[in-house]
Each structure stands twice: as structure tokens, then as C-alpha cells.
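# model the following, please.
(2 chains)
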Amino acid sequence: MDYKLLIALLIPLIATLGVMFKGDNENMRESISSISSIFLLLIVASMIPAVLKGNTLFFHMFTILPGVTIALRADAMSMIFALVASSLWSIAVFYSMGYMRSLKEHAQTRFNACFALAIFGAIGVAFSDNLFTMYLFYEIVSICTYPLVAHHQDKEGYSGGRKYIIYLTTTAKAFLLPAMILIYVLTGTLDFAPDISTGIFPPDVNKTLVIMLYIFCIFGFAKNGIMPFHHWLPGAMVAPTPVSALLHAVAVVKVGVFCTTRVMLYVFGTDTMHALNLGIPTAYFVGITVLAASIIALSKDNLKARLAYSTVSQLSYIIMGVALLTDPGIQGGLIHIVNHGFAKITLFFCAGAIYVASHKKNISDMGGLGKTMPYTFAAFGIASLSMIGAPPVAGFITKWNLLIGSVEAHQMGILLILIASTMLNAAYFAPITYKAFFGKRPPGEKFEGIKEAPLAMLIPILIACGVSVIIGIFPNFMLQFVKAVTG
Amino acid sequence: MDQLLLNPGFPVLSVLIFLPLAGALLLLFVKDEGMCRNVALLVTGTVAVISIMLLFGFDRSSAKFQFGEHYNWIDSLNINYTLGVDGISILLILMTTFIMPFCVLASWSYIKTRVQAFMICMLIMETAMIGVFAALDFVLFYVLWEAMLIPMYMLIAIWGGPRKIYASVKFFLYTLSGSILLLVGIIWLYTANNYSFYIPDMMWQDYSLNAQVYLFLAFFLAFAIKVPMFPFHTWLPAAHVEAPTAGSVILASILLKMGTYGFLRFALPITPDATIIMMPYVLWLSIAGIIYGGFTALAQSDMKKLIAYSSVGHMGFVTLGIFVLNMDGIEGAILQMVNHGITTGALFLCVGMIYERTHSRELKTASGVGKYMPVFVTFLAFFSLSSFGFPGTNSFVGEFLILAGAFEFDTNFGRFPYLALAAIPGAILAAAYMLRMLQKIVWGGTDNPDQSWISDLNIREIVTLAPFLFFVFWIGLGPQPFIDLMHTSVVQLLDQFQKHQAGALAAVDMILH
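Numbering: from 1, shown residues only, chains lettered A, B, ... in the order given. The predicted model follows:
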């Protein structure tokens, strides 16, 4: 029984309550959020030494039925996600203070409370010890991010929010719920296996049912953005930008891919996936998403929409890597949770900063804007390098591992998909920075009075961007976690 | 009489049954309206406290009927006053005694006319309801079963909404017509069992298959109307919409459970072979109810109708759980009866609270009240989540067990799990209509009516809802104590069932394949 886990889980929950009851006082409310986020980061960080020694921390909370419990565990894989979620929460809290105050948004108390509650769900998912706990927190994230997506409470907000909740709850109920119950019926437990190879299915189980369960699990966690259940993500871009940044670059979508890969590795296990030949077809299937989403991104002029489709594409990298079932593939996939998280949040932060400073949403209006907002666009450029996968930024580590992984799995097709998507990434990211710095201003626009966004926004941008560079140059710290996962 | 453990000490069950009746008699002489409310609350509260004795005295390791009481009533016809509870009925009795005080509280300011008569009806209802669950003599059961109709009829017909007469007559006729065949069945059983009405003696008697099928159909009609199963449900939305809040709560939380209780208490033990033969039809009828209830609830703009149709869906899950005839299914079904009682009861209380403020049950008038009633919508949010089986709440555990039972129904015999998968759309629809209602009430749209004059819940209303929320999470996070109460009885029910249904197996194989 390791109480650190419980404390880590409760901090965002307490922050939520604090924000709700101290909501009238703006400063009080935001200091609660920021102090809690720093505490959360510290407590998660304090678990690093034990986990790196190879220990797994456990905390048991409730027994619902025999084999169905609410229990927490911290192993190498949960640490990857918990570290990303907690560190990005603390960055995002400061950023959203700047953003929401600059734009004088309404209902900031609700916004902050739901924000903390979403992190509560994400941390819960990261530390889940079994499928039921994971499902519980997955659903909590779905429900409590609805108010964030529909935040503006106008027609657009409501329709985006409706799409969001319909996609996420329907897939969870339609696929995840029956999958979870059938797994319980077949195995008598919902606990994750101790390592990635064995899985939890007994050897004599009906193969057709296992394949069906696998497909249910892949589509059930629709937060992972695999096509055709990805429409909620572009729809959710009606939310204020800090929400898009934290939730749709980190908390929500990463909850989706984390759950998917966790289930692939710790419920089915590499042995079962090899035996039933599930891995490679999955890799090709998500390969379609990788390419299709990139092509759609090319056609979007709205910056946030382009980023959203880029997210859809990049999430599938993670699943593709794990589905290759080779050590470098799994490592490359899982490390991309970190790499994509930091880079994409930088990009969204920049989009928000541009909007706050200039009220511009479309890429075609941003020509020449780089001269007035040099720091923002420099950060944008560096983060997009990470997306493209160029050294020395973090994304390069992903690409490197994925390429080796696909070679080791003897899948030249996957290799080609990766190369093609890299070129597509470059094609839709590079022009943005190029036009901002070297492009012509749109005729008649003087950019008068436009300057960099407030420091509360600029500093988080630079920190997130800096972390991307640092983990690109010193990748070993995060790599030791993914190496511990593959063993 | 070996199935009955007589209770030599304090006659708990009789006290539970007759205390409300005594309260009703006392109310005849109370003229002051405030006093009537107080007396009713005091009586129902006392009954609730006394019923806790059941919990402490109940032997969880025995499947026998406990707290037994046996007195001769009409000697010439061998009709007796026999009471007892087992693991199946104890939870339902406790739920009844728990819910009644809150029904009285919910009527505190809602009922403004003929308070005295209203409270008398409520107390008579309580007597009859506890009696139905505790009766072990079939005539006693039948008398109390029919006795419930009259006060319930009056609750709807006197204190109901605009179409109260239509609704109450429909309710009365439906339920009555169902129970007439039940009476025929009872009399047949009486003659087949040496002229005895003692229920435990009628069980597991291996009646001829023919007789069982007819008996089952008689039971089925009576209980399916009460549940109500699709397509016997049309009385329910009408009755719910017109009934006052307390009437809706009693109807949803307790009266509906009598149908499913009847299946467990009578249909399975008395007609096991017929149950096996009819099982596929009942199962698919349950699925139809789950999906029909879901779709219809999704289309409602009247909050009470929405919850009424959601009940059709939820009770479909319960009958599904009962008729898959395995451990998980039946335990889930019993648990789900309690869960539905708590959650749907609480939802009706919530709608009642809005109605008292806006005098409308339309979603449109209520849309956007979240801004001015934060406490209320917090409660409503948790009950709505519970209603569609959000993990961590009570209904999830029930649905989980029922669906696990439905999966086992097929996978244990190597079949593809069509049945369970067919029920899944019901779970999706439940999320859809509940979230739709919640969204409308909490946020509404861009054209909400002005609600700035509306006041949030007062202390009485919070006290009414809080205990329901407590049980939502208790059963959701630690259901084991509740399952322990019923476990031995369910084990015995299934054991006996296995022994006595052999004759019908061949016939079933034919139907299934």
C-alpha cells in the first residue's frame, strides 16, 4: 500500500474542490490550481527512483466484485504518462491564467475546476492497475471535459460539445463496456498482467472472441483518434486554446492512446498478439490514419484545425509503434507520448498566443507576423521540427526508434508510411513558420499594436519548447522508462 | 414448514406491516395539516428504524425464510397469516422502508390539498407493500397485492396532473386484468397442493409440463404488466406523468419491483420447466424493452416521461438478468432492482423539485436552471450518471453483473454472445438520453428562459436527496454487503432449479438451435 499514489490522485481532486469553493476570488482560485499542479509534479517525481529500481507501487482502494477492484499501480509505463500529464498541467495552469484573463473569458471558476478534474482523470488512468479502474477514469475524463469543450456556450460550442460527448461515450459504451465484461467472464479478472508478454487470457480461450475483444478495445478508446472515430477531435477545437492545448494534445488524447497501448500490452500481451497475428494488421490500419489525417491537415487554413489533424496523425504513430511488437517499435511508440505531448502543447500555446495578440486564426493571415512576435514563432518553428522528426528535437528520437522497429519487424510498408508522413508533416508545418518570418504581410494589414502575448503565456511556451529540445538532446532520462517497459 | 424459521421474539415483520396501518388510523383523528405531515414522517421513520433489525438478525448463511410468523386466519379454507423473508425479499423490504420517509418529505410542500387523506394513502401503501414482500401465504399475498391498487389509484386520481383520471383508470385496469389470471393460477395450485396456500410448499413440486406452461403464462401476464415489460408497459408513462412526486417514486422504486420479485419468487420455483421453455422469448422481450425504452426516452421532452421510459429499459435489464438463469445474472438483477429503486426514485424526486418551482415538467422550461441551482444540479448529475451505469455508481455494478450473466449464458456453452451484445445498444441509449437531459437542465442552449428568480434547494430538499446519493456510492464502490445478503438464497434457488428443470432441457435445445 503506497500512499504516494493516493496522494497523487487526490491532489487534482482537492484542487477541484478548492477552486469550486474559493471561486469568487480570482487570485485565490488560481493559486490553488498552480500550487496543486506543482505539488502533483513533485509527488509524481518522487516515485521515479523506486520505479527505476524496478519496483512497482500499488495502492488498493475498493473491491467491487471478486476480480473487479479500484486499485492503483505505478510502473514504468504509468510513470511515462504521469510525468507528462503532471508537468504539462503545471505549465498549462500558468498559460491559461494569462489566456483567460487577457480575453476576459466567462465562467473561469467552472473552467478551472473542470480543468483540474480532467487531470484527476488523466492521473487516474496513468496509475490504473486494472481495466475497470482505467474505464472509470477514462469516463470521468469524457464527462468532465464536456464543459471545457462547450465553454463558450454559443451555437458552435454546443454543437462541438455534443459531437464530442456523443463520439466518446458511444464508443466507450458500445465497445469498451462489452469488452470489459466479456474479458471478466472469460478470465475472471480485470487486473493487468505484470509484464507485456503474457497477457491475461488463459491458453484455451476461444480465439474468435479474443480477436473480437481486441477490435473492441482498439475502437472503444476513441480518444486515441483512430479513424473513423476521430471526428470529435477537430470538433472539440471550438474550446478555448488552453483546453485544446492541454486536453487535446495531452490529457484527453493521450488518455486514449495510453489506454489503447496499455490494453494491447498488458491485457492481450505480445505473445497473444503474435499468436493471433494482431500486431502488423493494426500497424497498417493505423497507418491509414497517419497518412489520411496528414493529407487533411494540408488542406486546413485554420491553424487549430491543422494542429488537430496533425494530432490525429501523430497519435497513430504511438499505436503503430506498439503494434509493431518489436522492442524499438514499442519504445518509439511509447516515447512519443512524451515527445508529442511537449511539442504539440507548444504549438497550441503558440496558436493561443497568436490569437490573444492579434485575434488571427487563419494561417493565410499570419504572413509576416513573425517579425512582430519573434519568440512565439521561433518556438512554433522548433516544435514543428519535433513534429516532423528532425534532430535535435525530441521527435527525432521517436522517428529513429520507429524506423528501426519497422525494419526489425521486416515491414517495408510501414517504413514507407513513416517516410511519406514525415514529408507530409514537413509540407504542412514548414510553410507556417516560413511565411511568418519571410512571407509578405496581407495587403492593408499593418499589425499596429500587435506585440508578443503577455509573459504569463510566453514563458510557458518557452519552457515547453525548451523541454522538447532538452529531451531531444538528452533522451536517456525518458528512454529508461520505455526500456523498463520492454524489459 | 421446514422452510420457515419461526421468530419467537419480537414480531418484526408484523410490526413493520401494521405500524403504518395504525398510523393511518391515527391520522383519521388528526385534523391539522402540519400535524398530519409530522405523524406520517414519524411513522414511516420509525418503520425504517425498526426494519434495521432485519439487517442485524438476518442469517446470511441460511436460505430459509427467516423472522417467520404463522397464525391461522381462515381455518375452513386453510388460509393462514404466514410471513417470512429470505435473501431475495429482505433487500426489497429494506428499500421500501428506506424510501417511504423521503416520499413523505418530498410531499411536504408539494401536496397542499387533502393532506390528511394523502398521508393515509401513503401509509396504507406502505403496509401493503411490505406485506407483499413478506407474505408466504398465497392468499395473503394476493390480498395485499390487490390492496395496493386502491391507495395508488387514489394517489394518482386525486393529487395527479391534468389527465389524472385517464392515467389512474388505465393503471387500475391494466394491473387488475393481469392479476385475475394470477388468481386462477393460485386456485389451481391450491387444489394441486392438498388445499394449502403455503408458498414454500408449492415450490419445486414437478407439476406436469402442461400445467407449468399455463401457470407460467398466468404468472407472466400478471408480473410482466407490473414490471412493466415491453409491450405491456403503456400504463406506466401515463401513470408516472400524472402522479404526484411521491406517487411516482413509490411506483418506480417499489411497485415495479413486485413484478420482477414475482418472477423470482413464483415463476422460477413453481414452474421451472416452463421457465426454461419460455426463457428465450422472455429474454428477447427484455432486449426489446431495453432498446425500445431507450429510444422512446431519447425522444421525450417531458422529464417525467423520459424517466418513465428509462424505467422500461432498466427493468428490461432486470428481467434479462433473471432469465439468463445464472448466478451473476440473478444477483445482478436483484441488485439492479434496488439500484433502480434508489436512482430512479431520486430522479423523480429531482423532477418534482423542479416542478414545484416552475410548475412544468417540460425540459424546455427547465433548461439552464443549473446556473441558479448549483446544489440541485450536482445531485441531479450524480443521479443521472448513476442511471446510465457510470462506473463507480450503483447501477454500474448491477448492469455489469447482468451483462456478465448474459455473456455467460452463451459463452459457457460455447455459443457466440449475441444476447449480451444485443443489450449493449440499451446502455448506449441510456447514456444518450440521460446526458441529453442533464445537458439541457444544467446548461440548456442559447435561448434559455429567464430563471434568475429560481431558488436553489432548501435544507429539507437536501436532506431528502442526500441519503439516496449515499447509497449510490455505497453500492457503487462496496456492493459486497448487499450481495452477501442475497447470495445464499440465490445459490439455493439455482441449485433447486438445476435439479427440477431436467424435463424441459430437450425442448429448449430444440428451440435454441
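# and chain A, which residues reach chain B?
Residues of chain A lying close to chain B (Cβ under 8 Å from any Cβ of the partner chain) are A:62-65, A:68, A:70, A:132, A:135-136, A:139, A:143, A:146-147, A:150, A:153-155, A:158, A:162, A:165-166, A:169-170, A:173-174, A:177-178, A:181-182, A:184-186, A:206, A:208-209. Glycine gets a C-beta too; all of them are placed from N, C-alpha and C.
# now list the buried members of the residues you listed.
A:62, A:64-65, A:68, A:70, A:132, A:135-136, A:139, A:143, A:146-147, A:150, A:153, A:158, A:162, A:165-166, A:169-170, A:173-174, A:177-178, A:181-182, A:184-186, A:209 (16 or more other Cβ atoms under 10 Å in any protein chain shown).
# from residue B:286, how far out is the nearest residue to residue B:333 once chain neighbours are set aside?
With Cβ to Cβ, 6 or more residues apart in numbering or on different chains as the criterion, residue B:333 has its nearest non-adjacent residue at 3.1 Å, and that residue is residue B:321. Distance from residue B:321 to residue B:286, counting by Cβ to Cβ, to the nearest Å: 9 Å.
# who are the contact partners of residue 188?
Using chain A. Contact analysis of residue A:188 by Cβ atoms under 8 Å, 6 or more residues apart in numbering or on different chains lists A:66, A:67.
# that's the wrong chain, I wanted chain B
Applying Cβ under 8 Å, 6+ apart to residue B:188 gives the contacts B:211, B:214, B:215.
# may I ask which of those has the most neighbours?
residue B:215 (25 neighbours; other Cβ atoms under 10 Å in any protein chain shown).
# output the contacting helices and strands for whichever helix or strand it is part of.
For residue B:215, the enclosing helix or strand under DSSP states H and E is helix B:209-226. On a contact count with 3 or more Cβ pairs under 8 Å, 6 or more residues apart in numbering or on different chains; DSSP states H and E, helix B:209-226 meets helix B:164-192, helix B:256-262, helix B:268-270, helix B:272-298.
# any idea which helix or strand comes after the longest one?
Read that as helix B:164-192. As assigned by DSSP H and E, the chain's next helix or strand after helix B:164-192 is helix B:199-202.
# which other residues reach that following helix?
B:3-4, B:65, B:82, B:135-138, B:141, B:189, B:193, B:196, B:265-266, B:269-270.
# give me the subset of those touching chain A.
Among these, no residue is within reach of chain A (Cβ under 8 Å from any Cβ).
# whatever residue of the stretch 101-250 of chain B ends up closest to chain A: neighbouring residues, count only.
Ranking the residues of the stretch 101-250 of chain B by distance to chain A (Cβ to the nearest Cβ) places residue B:230 first, at 20.7 Å. As a burial measure, residue B:230 scores 23 neighbours (other Cβ under 10 Å).
# which stretches in the stretch 351-500 of chain B count as strands?
Here the stretch 351-500 of chain B has no strands by DSSP state E, counting those that start in this stretch.
# report the secondary structure element holding residue A:54.
With DSSP H and E as the test, residue A:54 turns up in no helix or strand.
# so what's it closest to, chain neighbours aside?
residue A:484 (7.1 Å).
# any idea which element the one you found lies in?
helix A:476-486.
# same deal with residue A:70?
Per DSSP H and E, residue A:70 falls inside strand A:68-74.
# quick one: average confidence on that strand?
Model confidence over strand A:68-74, given as mean pLDDT, is 91.
# what's the local residue count around the residue lying closest to residue B:37 once chain neighbours are set aside?
Leaving out its chain neighbours, the residue that sits closest to residue B:37 by Cβ to Cβ, 6+ apart is residue B:108, at 6.0 Å. Look at residue B:108: counted by other Cβ under 10 Å, it has 17 neighbours.
# and whichever residue of the stretch 351-487 of chain A sits closest to chain B, how far from residue A:300?
Nearest to chain B in the stretch 351-487 of chain A, going by Cβ to the nearest Cβ, is residue A:361, at a distance of 21.4 Å. Residue A:361 sits 11 Å away from residue A:300, going by Cβ to Cβ.
# now do residue B:21
Applying Cβ to Cβ to residue B:21 and residue A:300 gives a distance of 72 Å.
# where's residue A:38, which helix or strand?
Under the criterion of DSSP H and E, residue A:38 resides in helix A:26-45.
# isn't residue B:237 right up against residue B:310?
No: in this structure residue B:237 lies outside contact range of residue B:310 using Cβ atoms under 8 Å: 10.5 Å.
# my guess is the residue nearest to residue A:54 contacts residue A:53. True?
No: Residue A:484 lies out of contact with residue A:53 (Cβ under 8 Å); the separation is 9.8 Å.
# so these two - more neighbours on which side?
Taking neighbours as other Cβ under 10 Å, residue A:484 and residue A:53 compare with residue A:484 leading, 17 against 8.
# what sits against that one?
A:51, A:52, A:54, A:75, A:76.
# which single one of those residues is nearest to residue A:122?
residue A:75 (16.7 Å; Cβ to Cβ).
# residues contacting that closest one?
Residues near residue A:75 by Cβ under 8 Å, 6+ apart: A:51, A:56, A:57, A:484, A:485.
# mind running it again at 7 Å?
A:51, A:56 (Cβ atoms under 7 Å, 6 or more residues apart in numbering or on different chains).
# and the gap between it and residue B:75?
72 Å.
# coming back round to it: now name the helix or strand holding the residue nearest to residue B:333.
helix B:303-323.
# so how far is that helix from its chain's centroid?
On the basis of Cα atoms, centre = their mean, to the nearest Å, helix B:303-323 sits 10 Å off its chain's mean C-alpha point.
# just the strands in chain A please.
Under the criterion DSSP state E, strands of chain A are mapped to A:57-65, A:68-74.
# who does the longest one pair up with?
What that stands for is strand A:57-65. strand A:68-74 (antiparallel) (DSSP bridges).
# return the alpha-carbon coordinates of the partner strand using CSV.
This file holds the C-alpha atoms of strand A:68-74, laid out as CSV (Å, rounded to 0.1, in the frame of the first residue of the first chain):
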residue,chain,number,x,y,z
VAL,A,68,-13.0,-6.2,-10.1
THR,A,69,-11.3,-3.6,-8.0
ILE,A,70,-10.4,0.0,-8.0
ALA,A,71,-6.7,-0.1,-7.5
LEU,A,72,-3.6,2.0,-8.5
ARG,A,73,-0.2,1.0,-9.6
ALA,A,74,2.9,2.9,-10.7
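# residues in contact with it?
A:5, A:9, A:47, A:51, A:56-64, A:127-130, A:132-133, A:136, A:184, A:190.
# check stretch A:282-300 too.
With contact meaning Cβ under 7 Å, 6+ apart, stretch A:282-300 is reached by A:218, A:226-227, A:306, A:309-310, A:312-313, A:316-317, A:319-320, A:323-324, A:411, A:413-414, A:417, A:420-421, A:424-425, A:427-428.
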